[in-house]
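J.: Mind folding the following:
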Amino acid sequence: MLSPESASPHPADAPGDDTRAAALPAGAADAESFALRDGIARHLPGALQPASRLLAGVRAIARFGHAGAGELCFCDRPPAPGLMRADDRSIVLCGADVHAGLAAAMPQASLVAVDDPRAAFIDLVRALQEAGALDVTSAVPAGRGVAASARVGANSVVHADARLDDGVVLGANCVVHGGVWLQAGVQVGDGAVLGGAGINAYRARDGRVLGFPHLAGVIVGEGASVGANAVLVRGVLTSTRIGRGSVIGNLCNIGHGVVIGESAWLSSACSVGGHTRLGRGATLGIGAILRDNLDVGEHAQVGMGAVVVRDVRPGSSVFGNPARPVPGIAAGPQR
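T.: Numbers count the residues shown, from 1 in each chain. Presented below is the predicted three-dimensional model:
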């Protein structure tokens, strides 16, 4: 895996990575799927053509360990035991090295053995995405569009598959992509981009470097605010989520699959790497940088300009490059 945003495999695209789900805010660990709007047969890459009859029954794309009947996922490494559900009737692209273990643990699943399951999955999903054959995430409920009481600023673009609820205020020159859900009372500053794709890459066994398609969305909770020129990247197979009442400052960059709890505070120009999780009430000072796949605990404080490369314990404070524990920092709305 090669990725400026993530030096380790992304949780959204790798099995066996739900060990921290209990730390998420309510609803953040919900399974997501992406329904097919079109038949799958004409989009199959060459590696999957031999399994065309079995794959004809695919009705949606999902993440391994969360896929249901008729939903396609992939597994290219031994997964954690908790992700192998005996009642799972999903369709799994897998490598020969994990096929026997999956068959024993998931007898009702349909397994399709391929040389490079991740690459085959990427090729298929990319073809479906480019053809407009996939719906947005199931995490965004029906009723997409802009509510009558929402306000959209001049020159802003809102995709038809986005959802803006009552009382949302969207500034000028914003872009809101499909799969974005702004819940009641969310405020977004001028020039923000919500739901664009992030950066990641996978070197396939045949030497190709493939960008993993971003299928999921961005969900911003009630009363949260997003600053001017902020960028909130859509998730890969799990949505980026901003908790109720949280504040995302101007010029912040929030990577794919990030989960931010309620009432968090991110000052201006913060960068949060993909799949990092911030607990309720966490505070980031100006220009803080957090690498991918971290846990920042509830009410933790990160000083301005800090570069965080390790998990931060709940209620603790860190500062510096690399960030280290320091006495409590008076930062954010509570100072």
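
J.: Do I have it right that D135 meets A35?
T.: Yes - the pair D135 / A35 is scored as a contact, 4.3 Å apart, by CB atoms under 8 Å. To be clear about C-beta, it is placed using only N, CA and C from the backbone, and glycine gets the same treatment.

J.: ok, these two, which is more surrounded?
T.: D135 (18 against 15; other CB atoms under 10 Å).

J.: Relative to L124, how far out is that one?
T.: 16 Å (CB to CB, to the nearest Å).

J.: How about L266?
T.: 36 Å.

J.: what do you get for A142?
T.: 26 Å.

J.: Would you mind telling me which of the two has more residues around it?
T.: L124 (23 against 5).

J.: The more buried one: what's its closest spatial neighbour, skipping adjacent residues?
T.: Leaving aside its sequence neighbours, L124 sits nearest to P45 (CB to CB, 6 or more residues apart in numbering; 5.7 Å).

J.: State the helix or strand in which N250 lies.
T.: For N250, there is no host helix or strand (DSSP states H and E).

J.: May I have the phi/psi pair for the nearest residue to it once chain neighbours are set aside?
T.: Excluding the flanking residues, the one nearest N250 by CB to CB, 6+ apart is G227, at 3.6 Å. G227 adopts backbone torsions of phi -80, psi 170, taken as degrees, to the nearest 10.

J.: isn't G227 right next to S246, touching?
T.: No - using CB under 8 Å, G227 is not in contact with S246; the gap is 11.5 Å.

J.: List of residues touching the worst-scoring helix or strand of the chain on mean pLDDT?
T.: One helix or strand of the chain scores below all others by mean pLDDT, DSSP states H and E: helix 96-105, with a mean of 90. With contact meaning CB atoms under 8 Å, 6 or more residues apart in numbering, helix 96-105 is reached by 75-79, 81, 84, 86, 92, 94, 109, 111, 113, 115.

J.: now, which of these lie within strands?
T.: Using DSSP state E, the subset of the contacts of helix 96-105 located in strands is 75, 92, 94, 111, 113.

J.: Dump the residues you listed into CSV; add neighbour count, pLDDT and distance to G191 as well.
T.: Below are the ones in strands among the contacts of helix 96-105 laid out as CSV (neighbours: other CB atoms under 10 Å; pLDDT from 0 to 100; distance: CB to CB, whole Å):
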residue, neighbour count, pLDDT, distance to G191
C75, 28, 93, 40
V92, 26, 95, 42
C94, 26, 94, 43
L111, 18, 94, 47
A113, 17, 94, 47
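
J.: Tell me which two of these sit farthest apart.
T.: Farthest pair in the ones in strands among the contacts of helix 96-105 (CB to CB) is C75 and A113. Separation: 10.8 Å.

J.: Overlap in contacts, those two.
T.: Between them, C75 and A113 share the contacting residues 94-95, judged by CB under 8 Å, 6+ apart.

J.: Need the nearest residue in space to R291, chain neighbours excluded.
T.: Using CB to CB, 6+ apart, the closest residue to R291 is G273 (4.7 Å).

J.: where's the one you found relative to D292, distance?
T.: From G273 to D292 the distance is 3 Å (CB to CB).

J.: And those two? Which one has more around it.
T.: G273 (25 against 22).

J.: and E32, what is it in contact with?
T.: 62-63, 66, 137-139, 216, 237-239.

J.: Among the residues you listed, name the ones in helices.
T.: Using DSSP state H, no member of those falls in helices.

J.: Tell me the one of the ones in strands among the contacts of helix 96-105 nearest P50?
T.: Using CB to CB, those come closest to P50 at A113, 10.0 Å.

J.: Below-threshold pLDDT in the stretch 201-335 of the chain: ranges please.
T.: Low-confidence segments of the stretch 201-335 of the chain (pLDDT under 70): 331, 334-335.

J.: One more pass at 50, please.
T.: Applying pLDDT under 50 to the stretch 201-335 of the chain picks out no residues at all.

J.: What of the stretch 1-150 of the chain?
T.: For the stretch 1-150 of the chain (pLDDT under 50), the answer is 1-29.

J.: where along it do the strands fall?
T.: Under the criterion DSSP state E, counting those that start in this stretch, the stretch 1-150 of the chain contains strands at 33-35, 60-62, 71-75, 91-94, 110-113, 145-146.
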